[in-house]
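Student: Next input, structure requested:
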Amino acid sequence: MSIPQQHRSISPEPDFAVDEYRRMKVVCIGAGFSGIIAAIRITGRVSHLDLTIHDKESGIGGTWYKNRYPGLACDIPSHCYQLSFENNMEWSGVYASGPEILADMQRIIQKYKLMRYIRLQHELTHAAWDEEAGVQRLRILHGDKEVEDTADIVFLGMRLLSRQKWPNILGLQDFKGRLCIAPKGARRIC
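Tutor: Predicted structure coming up:
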């Protein structure tokens with residue numbers, strides 16, 4: 001018995017069985033909390049995964065890596081600022097310090113063996129959807145070399161809290177005193 005023409009699919013037949021999973025290439029941008037959580041959840045739920053996490057810094061931790069000034073601490077109680085599935089009962093105080101939060105993030109990365117996916121000093125410079133190929137086309141800068149890559153999914157978990165920006169304060173541009181924003185890795189303020 002043949003299927004009438006009007007009920008036939010106009011789509012080409014797939015080149016795989018319905019229960020055969022294809023390889024999924026996922027690229028996360030950022031190795032702070034968002035990228036780390038995404039990596040844990042994605043690796044735990046997606047089989048046939050090709051995962052890469054790019055971060056432009058030389059260490060993991062996002063905001064907690066980039067900002068290192070004296071007195072840096074979380075502004076909410078530590079027990080509220082942690083992963084729901086990775087409770088830390090060893091915080092040194094109600095408001096954990098930046099270095100303590102960074103150390104906890106490093107512990108989590110080691111526990112879930114995520115360093116194998118992380119590429120440090122790799123900065124996303126361009127991303128565009130290629131409709132015909134059905135992939136994201138990416139350009140990644142590493143040192144002075146830019147490489148091209150593709151991904152089925154791009155997850156952006158980057159720099160909302162670590163971007164340094166001067167506040168819009170009336171008269172700021174006329175101020176004659178010293179202005180500074182704590183630079184990356186600062187051990188003291190300006």
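Student: Grab the nearest non-local neighbour of residue 52.
Tutor: residue 27 (5.1 Å; Cβ to Cβ, 6 or more residues apart in numbering). Every residue, glycine included, has its C-beta placed from N, CA and C.
Student: contact partners of the helix or strand where that neighbour lies?
Tutor: Using DSSP states H and E, residue 27 sits in strand 24-29. Defining contact as Cβ atoms under 8 Å, 6 or more residues apart in numbering, one finds that strand 24-29 is touched by 35, 38-39, 42, 46, 48-55, 124, 135-136, 138, 149-158.
Student: Where does pLDDT dip in this structure?
Tutor: Scanning the chain with the threshold set as pLDDT under 70 gives 1-16, 18, 159-164, 181-190.
Student: Mind jotting down where the strands sit in it?
Tutor: 24-29, 49-55, 118-120, 123-130, 135-142, 145-151, 153-156 (DSSP state E).
Student: How about residues contacting the second one?
Tutor: Contact with strand 49-55 is made by 23-32, 35, 39, 42-43, 62, 114, 117-124, 140, 149, as judged by Cβ under 8 Å, 6+ apart.
Student: For it, which residues meet the burial criterion?
Tutor: Of the residues in strand 49-55, 49, 51, 52, 53, 54, 55 count as buried by neighbour count, 16 or more other Cβ atoms under 10 Å.
Student: ok, so of those residues, who is nearest residue 145?
Tutor: residue 54 (13.7 Å; Cβ to Cβ).
Student: What's opposite the closest one in the beta bridge?
Tutor: residue 29, residue 119 (DSSP bridges).
Student: if I look at it, how far off is residue 88?
Tutor: For residue 54, the distance to residue 88 equals 27 Å [Cβ to Cβ, to the nearest Å].
Student: about what we covered before: and the angle from the strand holding residue 27 to strand 145-151?
Tutor: Taking axes from the mean of the first three to the mean of the last three Cα atoms, to 10 degrees, one finds strand 24-29 and strand 145-151 inclined to each other by 130 degrees.
Student: can you give me the angle strand 24-29 makes with strand 123-130?
Tutor: Going by the same axes, to 10 degrees, strand 24-29 makes 140 degrees with strand 123-130.
Student: now the angle from strand 24-29 to strand 135-142?
Tutor: Using the same axes, to 10 degrees: strand 24-29 against strand 135-142 is 40 degrees.
Student: Buried residues, strand 24-29. List them.
Tutor: Using 16+ other Cβ under 10 Å as the test for burial, strand 24-29 gives 25, 26, 27, 28, 29.
Student: try stretch 126-143
Tutor: So for stretch 126-143, counting by 16+ other Cβ under 10 Å, buried means 127, 135, 136, 138, 140, 141.
Student: Report the distance from that stretch to the chain centre.
Tutor: 17 Å (Cα atoms, centre = their mean, to the nearest Å).
Student: What of stretch 146-166?
Tutor: Worked out by Cα atoms, centre = their mean, stretch 146-166 lies 7 Å from the chain centre.
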